[in-house]
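Undergrad: Sharing a model that was predicted from the sequence below.
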Amino acid sequence: MAKRGKTLFKSVCLGKCKSRDLPKRLNLTGIAPEMNRLWGASIRELAAGMVREHAALLVWERENLRLTNIVEGADDEVEPSYQLAEGQQLVGTFHTHPYVTGVTDVVFSGTDFASALTCRENLSIVHCGNTIAALARTELTPKIVDDEEIERRANDFARIYRHTFSLPETALKMNFVMCQKYKLGFYLGNITGQLRLEIRP
């Protein structure tokens, strides 16, 4: 990664990146193997009709982004552990989105947006099968939000779209609208960890 790319990446992670400076690409290849491992763990019992969301804390440590505090949750929710070790700086969270039906590529939910915004995460990542997506906070992102309003707004948009589109398509369209509303950068990519900027607030 070029020097400017590294600087921008660090700025995104530490919440010091202005909207106009959001990099066109977000290179998460360093944590891609662990993200893919946690996705595999989430669907390891899919054949038996069971899935488990997994989550981890995203931290900045020794000039690198890391996943730590890995936890396993239920089939439709997981609560990250926010305890930091010495030398770690909170960046945000990572979690998986498995479905017992086997559907994949369903990006952030309204609850995810509410959590990312109320916890003031700089970077939020979701792994949902073939797709990895990320929300990036900018200087335009509101500092004070109502989590119930966020979830209600997201659910309203989802209801509008789901009569016409598939679940993954509905989720993606809702994500686009929510990122524009709450001034978040939105990145989309695949299991390689190479993500591209889709929404710049």
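TA: Now that the structure is in, tell me what you want to look at.
Undergrad: going forward, measure contacts and count neighbours with C-alpha atoms only.
TA: OK.
Undergrad: what comes up buried for stretch 132-152?
TA: Residues 132, 133, 134, 135, 136, 137, 138, 141, 147, 150, 151 are the ones in stretch 132-152 that count as buried (16 or more other CA atoms under 10 Å).
Undergrad: Work out which residue lies at the spatial centre of the protein.
TA: residue 125 (2.3 Å; CA atoms, centre = their mean).
Undergrad: Narrow the buried residues of stretch 132-152 to those in helices?
TA: Residues of the buried residues of stretch 132-152 located in helices (DSSP state H): 147, 150, 151.
Undergrad: Distance of the residue of the chain positioned farthest from its centre relative to residue 100?
TA: Distance from the centre of the chain peaks at residue 48, with 27.1 Å (CA atoms, centre = their mean). Distance, residue 48 to residue 100, using CA to CA, to the nearest Å: 9 Å.
Undergrad: Could you do residue 67 as well?
TA: 25 Å.
Undergrad: Compare the two (neighbour count), which wins?
TA: More crowded of residue 67 and residue 100, by other CA atoms under 10 Å: residue 67, with 20 against 17.
Undergrad: Excluding covalently adjacent residues, which one is nearest to that one?
TA: In this structure, residue 67 finds its nearest non-sequential neighbour in residue 58, 5.0 Å apart by CA to CA, 6 or more residues apart in numbering.
Undergrad: so that neighbour sits in a strand?
TA: Yes. Under DSSP: H, G, I helix; E, B strand; the rest coil, residue 58 falls within a strand.
Undergrad: what is it paired to in the beta sheet?
TA: Assessed by DSSP bridges, residue 58 has beta-bridge partners residue 67, residue 92.
Undergrad: ok, and what's touching stretch 189-201?
TA: Applying CA atoms under 8 Å, 6 or more residues apart in numbering, the contact partners of stretch 189-201 are 19-20, 22-32, 36, 129-133, 140, 176, 179-180, 183-188.
Undergrad: Inside strands: which ones of those?
TA: 25, 26, 27, 131, 132, 133, 184, 185, 186, 187, 188 (DSSP state E).
Undergrad: what comes up buried for the helix or strand bottoming out on mean pLDDT in the chain?
TA: Ranking every helix and strand in the chain by mean pLDDT, DSSP states H and E puts helix 3-13 at the bottom, with a mean of 86. Using 16+ other CA under 10 Å as the test for burial, helix 3-13 gives 6, 8, 9, 10, 11, 12, 13.
Undergrad: Run through who's touching that helix.
TA: Under CA under 8 Å, 6+ apart, the answer for helix 3-13 is 17, 21-23, 26-27, 60, 63, 65, 91, 122-123, 136-137.
Undergrad: Make TSV from those residues and add pLDDT to it.
TA: Formatted as TSV, the contacts of helix 3-13 follow (pLDDT from 0 to 100):
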residue	pLDDT
17	90
21	95
22	96
23	96
26	96
27	95
60	96
63	91
65	96
91	97
122	97
123	98
136	98
137	97
